[in-house]
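Colleague: here you go, sequence then predicted model.
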Amino acid sequence: MTVQKGTAVDAAWSSRLEVTKVICTFESDGQVFYGVVAEAPDPLVWDWPDDRQLLWVYDDEKSVKVWQECVERPRPSNPAWASCLQSIVGCYENDGGNVSYAVRWNGYACPTWEAEEDMSNYSHLLAEHDRACKCRGRS
């Protein structure tokens, strides 16, 4: 199954979640993960503060599902995780100007989305990513 705009996503919290934009892809151990913007088309059945969310999804050959790690995910704001942050593999800027980075962690199959303000301790990785970034129209 191809993950693209309009693809339905299986999620425990919504029966009607769909991809509105594919931001980036990442492959790990033969599994392809898609960093996407997804929304619930019917906001009345949903209680997110925003109807659009950044997610990582994958195709399990039956349907497209939201990725969930089986262990606690890393937090960039926690100094104990600093040595686990491997690289930044993508970014997304929403309509309000808020930036999130797709962060690859050692020992984790799938990247996570992290807010720009939580990445302030990793300026060297941000600068490296931003030099090569085509995601946000930077030169």
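Modeller: Thanks, I have it.
Colleague: going forward, measure contacts between C-alpha atoms and count neighbours the same way
Modeller: Will do.
Colleague: ok, now which ones touch Arg16?
Modeller: By Cα atoms under 8 Å, 6 or more residues apart in numbering, Arg16 lies in contact with Ala8, Val9, Asp10, Ala40, Pro41, Asp42.
Colleague: Arg131: which of the residues you listed is nearest?
Modeller: Val9 (32.6 Å; Cα to Cα).
Colleague: remind me which helix or strand that closest one belongs to.
Modeller: Here Val9 sits within strand 8-11, counting by DSSP states H and E.
Colleague: report the buried residues of the next helix or strand after that strand.
Modeller: Next helix or strand after strand 8-11 toward the C-terminus (DSSP H and E): strand 14-28. Residues of strand 14-28 classed as buried by neighbour count (16 or more other Cα atoms under 10 Å): Arg16, Leu17, Glu18, Val19, Thr20, Lys21, Val22, Ile23, Cys24, Thr25, Phe26.
Colleague: closest to Cys110 among the residues you listed?
Modeller: Phe26 (7.7 Å).
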